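S.K.: Quick one: sequence plus predicted model below, questions after.
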Amino acid sequence: MATIDLSQVGPQQAAFFATLGQAYPLPANTAQYPLSAGQFYGQVATNCRLVNAKAGTNKGISARNHHRARGAITEIAMVLPNWYVERSASKLEYPNNAGAICAASVEYPAGTFHRLNFDGAVRELIPGGSYRVSAFVSVSIPDNAEFWANIWLSAATSIVFFNGSTGQVAANGEKGTVSTGDVTDYTMASHTGTAQSYGVWPLALIGRTSSKATAILSDSVGEGVGDASDITDHVGMLARFIGPACPYINLSQSGDRLELLLQSPSRRLALLTYARNAVLGMGVNDIGAGRSLEQIKADMIELWSKASARISAGGRLFQTTITPSTTSTDSFATLANQAPANNFSTAGNGTREQLNDWLRDGAPIQGAAAAEIGTAEALRAGDGSHPLHAILDMADAVESARNSGKWRVDGTAFKWTIDGIHPSNYAHMQAATAAAPYLALFA
């Protein structure tokens with residue numbers, strides 16, 4: 001194929017080809033699996049995750065991870081990355097500094113392994129900073145059936161993996177083994193390890209689907225800090241309300257900010273091509289960092305615009321409202337002893353409250369700029385050219401009263417929050433239950 005000189009094709013065509021270059025390709029044998037009416041090639045299962053760490057000394061990992069089908073699966077392919085979003089510091093997308101060899105399989109039913117091939121090989125190199133998309137393998141997995149993804153990685157220098165607040169779940173049969181050298185390849189045999197606090201999950205599991213496939217792009221609230229891994233697969237209020245009905249990819253990153261995401265978003269936003277919906281939940285860390293209301297609105301609008309350019313045709317974007325951040329002298333058991341964290345307010349008119357009120361008004365915009373609340377001629381979420389379809393009000397589910405700036409309480413220590421910024425397991429579940437009706441809005 002001839003190389004395209006972008007300087008010779010004009011700005012619109014250059015932007016188009018640049019977009020194509022960022023997108024994740026489809027499996028090499030896609031032509032053998034033609035689409036039927038209403039289908040697209042997209043996410044087909046739960047519990048796919050971002051990779052957010054590079055190992056210091058470990059060079060080998062083998063992991064067995066649990067998923068559920070959302071819709072009947074007739075074929076499946078896996079996307080594996082060799083890049084990561086640094087959780088511990090910058091929050092930026094980084095390439096692994098060297099290549100890694102991968103192997104993978106899908107296990108359904110338990111003990112029956114279906115080999116995934118990469119470029120016709122059982123094992124294949126993932127270059128540093130890149131990814132591999134396997135070929136489709138035919139497999140019949142009924143709707144809601146549980147299955148497992150088995151992944152083996154070997155690197156001369158270091159591997160990438162997921163290292164968050166929630167890890168593998170023993171009750172789901174999840175297992176992991178990691179080493180400073182090669183580990184046993186369990187992709188075609190029963191794994192003998194145990195569930196670990198770390199793991200390496202597929203970035204995506206794709207097939208032909210007509211489902212409400214969803215990407216989640218949020219911060220620690222979306223990652224599920226404060227929640228507990230359990231047999232549902234779903235961690236965090238967003239995955240908990242989406243997961244029972246929709247396949248999803250959770251791209252959330254603890255500590256992330258709109259300001260930081262916009263500096264380095266290309267790999268994550270490219271994955272929106274496998275989704276019909278995207279739920280965006282960042283904002284609380286921008287407020288905590290002292291960003292102004294105007295800056296946060298502008299960053300949101302820029303992210304919505306970038307995301308809408310990447311999501312599949314007919315897709316829908318959603319933005320959540322922002323949950324509180326407080327301190328407490330009695331372990332968050334009462335309202336009286338909660339006080340606002342730095343850059344937050346409990347007076348009803350802080351940056352968070354003004355931002356949430358703007359969102360609840362449909363995030364009015366004029367052109368590419370935020371408009372004032374109540375502006376009659378402004379576009380609002382759901383209007384034709386507004387990038388958002390709707391606002392998901394997650395704050396109301398956990399806040400003592402609208403715009404109070406305080407967490408709900410019932411006299412029990414840490415009932416609704418574990419530390420003043422992260423919801424508790426109970427709060428994650430309550431918010432997910434309250435949000436369930438929003439699924440009717442999803443494409």
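M.R.: In hand now; what should we look at? Numbers count the residues shown, from 1 in each chain.
S.K.: Let me see the mean pLDDT of the longest helix anywhere in the chain.
M.R.: Taking DSSP state H as the criterion, the chain has its longest helix at helix 293-310. The pLDDT scores in helix 293-310 average 97.
S.K.: Which strands border the helix or strand just after that helix, and is each parallel or antiparallel?
M.R.: Moving toward the C-terminus from helix 293-310, the next helix or strand (DSSP states H and E) is strand 316-320. Sheet pairing here is set by DSSP bridges, and for strand 316-320 it gives strand 277-280 (parallel), strand 390-392 (parallel).
S.K.: now what about strand 316-320, what contacts it?
M.R.: Identification of contacts with strand 316-320 by CB atoms under 8 Å, 6 or more residues apart in numbering yields 218, 238, 276-281, 300, 304, 307-308, 311, 359, 363, 381, 387-395, 438, 441-443. C-beta here means a position set from N, CA and C on the backbone, and glycine is covered the same way.
S.K.: How is this protein partitioned into domains?
M.R.: Per the record, the chain has its domains at 44-208, 212-443, by automatic domain parsing.
S.K.: Now tabulate the ones you listed in a markdown table and tack on mean neighbour count and distance to Ala31.
M.R.: Listed next are these as a markdown table, based on neighbours: other CB atoms under 10 Å; distance: least, CB to CB, whole Å:
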| stretch | mean neighbour count | distance to Ala31 |
| --- | --- | --- |
| domain 44-208 | 20 | 10 |
| domain 212-443 | 20 | 18 |
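S.K.: quick revisit: right, so of the strands paired with strand 316-320, which gets closest to Pro25?
M.R.: strand 277-280 (19.9 Å; CB to CB).
S.K.: Please, which helix or strand holds Val106?
M.R.: Secondary structure from DSSP H and E places Val106 in strand 100-107.
S.K.: pLDDT of whichever helix or strand comes after that strand, averaged?
M.R.: Using DSSP H and E, the helix or strand that follows strand 100-107 in sequence is strand 113-116. When pLDDT is averaged along strand 113-116, the result is 98.
S.K.: So what touches strand 113-116?
M.R.: Contacts with strand 113-116, where a contact means CB under 8 Å, 6+ apart, come from 76-78, 104-108, 122, 134-135, 137, 139, 150, 187-189.
S.K.: Pairing partners for it, with directions?
M.R.: strand 100-107 (antiparallel).
S.K.: the strands in the stretch 301-443 of the chain, which residues?
M.R.: Taking DSSP state E, counting those that start in this stretch as the test, the strands found in the stretch 301-443 of the chain are 316-320, 326-328, 338-340, 365-366, 369-370, 390-392.
S.K.: Kindly report the same for the stretch 1-150 of the chain.
M.R.: 40-43, 48-49, 53-54, 60-68, 73-81, 83-85, 93-95, 100-107, 113-116, 124-126, 131-133, 137-141, 146-155.
S.K.: Tell me where the model's unsure across this structure.
M.R.: 1-22 (pLDDT under 70).
S.K.: before we move on, back to that, save the strands paired with strand 316-320 as a markdown table, and put in distance to Asn117 too.
M.R.: What follows is the strands paired with strand 316-320, written out as a markdown table (distance: least, CB to CB, whole Å):
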| stretch | distance to Asn117 |
| --- | --- |
| strand 277-280 | 30 |
| strand 390-392 | 39 |
